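[1] Fold the following and give me the result.
(chains A and B)
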Amino acid sequence: MSRTSRRTFAKVVAAGAVGLPLAAAETKSSPLASAMTAVVKSQSGKHLTPAELDRIGKDLEEYAPYLESLREFKLVNSDEPDFTFASLVRRW
Amino acid sequence: MNPFATIEDLGAELREKKFSSVELTSFHLDRLERHGPSLGAVVTITRERALREAAQADLDIAAGNIANRPLLGIPYGAKDLLATKGIPTSWGAEPYRNQIFDFDATVIERLSKAGAVLVAKLAMVELAGGFGYNNADASFTGPGRTPWNREFWSGGSSSGPGAAVAAGLVPFAIGSETSGSIITPAAFSGITGLRPTYGAISRHGAMALSWTLDKIGPMARTAADCNTIYQVLYGEDEKDPTTFGVFEAGKARWLASKAHAGNRRPLRIAIARGTHEKVQPAVRENFFKSIDVLKSQGHTISEIDYPDLPYGATVSLIVDAEGASAFEDLIRDGRAKLLRAKADQTGGFAQAATLAIDYLRAQRVRAKIRKALLGVFANADLVAAPSRSTVAYPIGPDFSDVYKDFSSGPSIIASMNLLGAPGIAMPNGFGENGLPTSLQLNAAPSNEVAMMNAAIHFQLATEHHSRMPVGFG
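    I've put the predicted structure just below:
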């Protein structure tokens, strides 16, 4: 599954979940996307042309609502990540 | 020789000395050379190694060293993300085109020990699709083409294994899946593909895209063949700690399955609401014909409400973060720009901006997803769905510009990959443009035995897996 199709799926689900029209989610300018684009420019700007940076900005703009929907998912302190650090390593 | 013969048939013919492994291997090497380029299926033909391994297999057969070696003398291809000693392993990507390892991946080692014959390193989507490709032309070998209609994609990211098995260039292949990369090419190429439980098969020597999602699995003509290959590959490996414990969990079930050999076991099969309503008409029609077959075999079918959770966003975040970390050097030094697909040339840079707190959130949400899906499997043995909502994508346009009217609903592929659950895709008919459609079955982690039992019996009652594409006889 491509990143785009993962994100397309996320887009449909998120629009449904937060009750927002999909078109609105696509066109609304996102501070989160702007911030992430600035990070990309700061980290990797020397490798990217203005057109490529613009493309990345649009990609992140499209993605931001779905990232935000994930951030809205309710978690509490006791919800641990789905991997476990082990202090003892099994010996073969 | 029949290029579409099953492993079981080829094994019997080799043991009966109807032909030698060297002859069978030469036959497939020739087919790879003749048809591989037009399908975009092959990176490297491993002729020298193949003939050496085939000659050894013939010696073993002559010496009667054949017990419990169902793959002895059988040629196969490996997705080009599996390390092979002294042979280029390109990961489908220009920056790694000439990369050579000095060891074999564990799965290659196990196949060699079993007597299988490596004939080719097969094409794949660059970096297994980790940087967000949106077009079939996403490998330095060009787009993989399905042999059913070469104007359409063979699926990804295991594009070469899909096309090569479907066209009879190899009897089986080894692919990999992070989130859909076995199920999708199996569906688009009209073959059978098995995604194992996470950790069931060692990933040592395989390109890492996502440490918590990557799986290695067989792609072949039938579920029975996948089962045979799986039994050779699965098990603990000291070089891959994710395999610890999975072996023990699955072992009891495998032993139990031997006691049930040949028996069909009635299972509870769930269909998730929303997964079939908006798919292409032929996909839907073929899906329900398949369900009728499963019903006729004594399985109980029920429709369920699938847990409403953010599968797509979660898997996307995890692959974004782990993929950016796995290829951090490629991003930092700018070589990502050498990738083929336009989306891949910039995707990694965007992914590298993922925040640690968002990645950890995704893994915390994943724990909740896992709990909810294990709840589904408390009341069902299998979850069935169309493997994909449409037939294969056309080569040329971006994926996002085609099939806009169709959707799969709740993503069974993403959710099952988050769970680390096994799944199998099997051909179940044809749809638009003469392209195959496919049925997927999924089971709880380490419950391959139930899933494979149902899959093998489904194929005993159907003939979709026996169809051959025109022009490859």
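[2] What does the pLDDT read for the residue of the stretch 151-300 of chain B found nearest chain A?
    Going by Cβ to the nearest Cβ, chain A is nearest to residue B:180 of the stretch 151-300 of chain B, at 3.5 Å. For glycine as for every other residue, the C-beta is placed from the backbone atoms N, C-alpha and C. We have a pLDDT of 97 for residue B:180.
[3] Same check on the one 4 residues further on?
    With respect to pLDDT, residue B:184 scores 98.
[4] Can you name the residues of the stretch 151-300 of chain B that neighbour chain A?
    Proximity of the stretch 151-300 of chain B to chain A (Cβ under 8 Å from any Cβ of the partner chain) is limited to residues B:156, B:178-181, B:184, B:212, B:238, B:241, B:244.
[5] OK, contacts around the closest residue to residue B:138 other than its chain neighbours?
    Once flanking residues are discounted, residue B:138 sits nearest to residue B:341: 3.8 Å by Cβ to Cβ, 6 or more residues apart in numbering or on different chains. With contact taken as Cβ atoms under 8 Å, 6 or more residues apart in numbering or on different chains, residue B:341 is in contact with B:126, B:131, B:133-135, B:137-138.
[6] Can I get the buried part of the residues you listed as one PyMOL selection?
    To isolate the buried members of those in PyMOL, using 16 or more other Cβ atoms under 10 Å in any protein chain shown:
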select buried, chain B and resi 126+131+133+134+135+137+138
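[7] Can you get me a residue count around the residue lying closest to residue B:265 once chain neighbours are set aside?
    Take residue B:265 and drop its neighbours on the chain: the residue closest to it by Cβ to Cβ, 6+ apart is residue B:453, 5.3 Å away. Counted with other Cβ atoms under 10 Å in any protein chain shown, the neighbours of residue B:453 add up to 23.
[8] Against which helices or strands is whatever helix or strand residue B:453 lives in packed?
    Assigned by DSSP states H and E, residue B:453 belongs to helix B:448-460. Judged by 3 or more Cβ pairs under 8 Å, 6 or more residues apart in numbering or on different chains; DSSP states H and E, the packing partners of helix B:448-460 are strand B:192-195, helix B:223-233, helix B:246-259, helix B:281-296, strand B:382-386, strand B:423-430, strand B:436-443.
[9] The longest helix seen in chain B near chain A anywhere?
    Determined from DSSP state H, the single longest helix within chain B is helix B:356-379. Yes: using Cβ under 8 Å from any Cβ, helix B:356-379 reaches chain A at B:358, B:360-368, B:370.
[10] right, and out of these, which lies closest to residue B:307?
    Nearest to residue B:307 among the residues of helix B:356-379 next to chain A, counting by Cβ to Cβ, is residue B:368 at 9.1 Å.
[11] Surely the closest one and residue A:81 touch.
    No: using Cβ atoms under 8 Å, residue B:368 is not in contact with residue A:81; the gap is 10.9 Å.
[12] So residue B:448 versus residue B:178, what's the distance?
    Note on residue B:448: its distance to residue B:178, by Cβ to Cβ, to the nearest Å, is 19 Å.
[13] Neighbour count: the two, which is higher?
    residue B:448 (29 against 24).
[14] Worst mean pLDDT among the helices and strands packed on helix B:448-460?
    Among those, helix B:246-259 scores lowest, at a mean of 62.
[15] could you point out which element follows that one?
    Using DSSP H and E, the helix or strand that follows helix B:246-259 in sequence is strand B:268-272.
[16] okay, that next one in PDB with CA atoms only?
    Extracted in PDB, the C-alpha atoms of strand B:268-272 (Å, rounded to 0.1, in the frame of the first residue of the first chain):
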ATOM      1  CA  ARG B 268     -16.800 -18.900  11.800                       C
ATOM      2  CA  ILE B 269     -16.200 -16.400   9.000                       C
ATOM      3  CA  ALA B 270     -16.900 -12.700   9.500                       C
ATOM      4  CA  ILE B 271     -17.600 -10.200   6.800                       C
ATOM      5  CA  ALA B 272     -17.100  -6.600   7.900                       C
END
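[17] Show the pLDDT at residue A:88.
    If you check residue A:88, the pLDDT there is 70.
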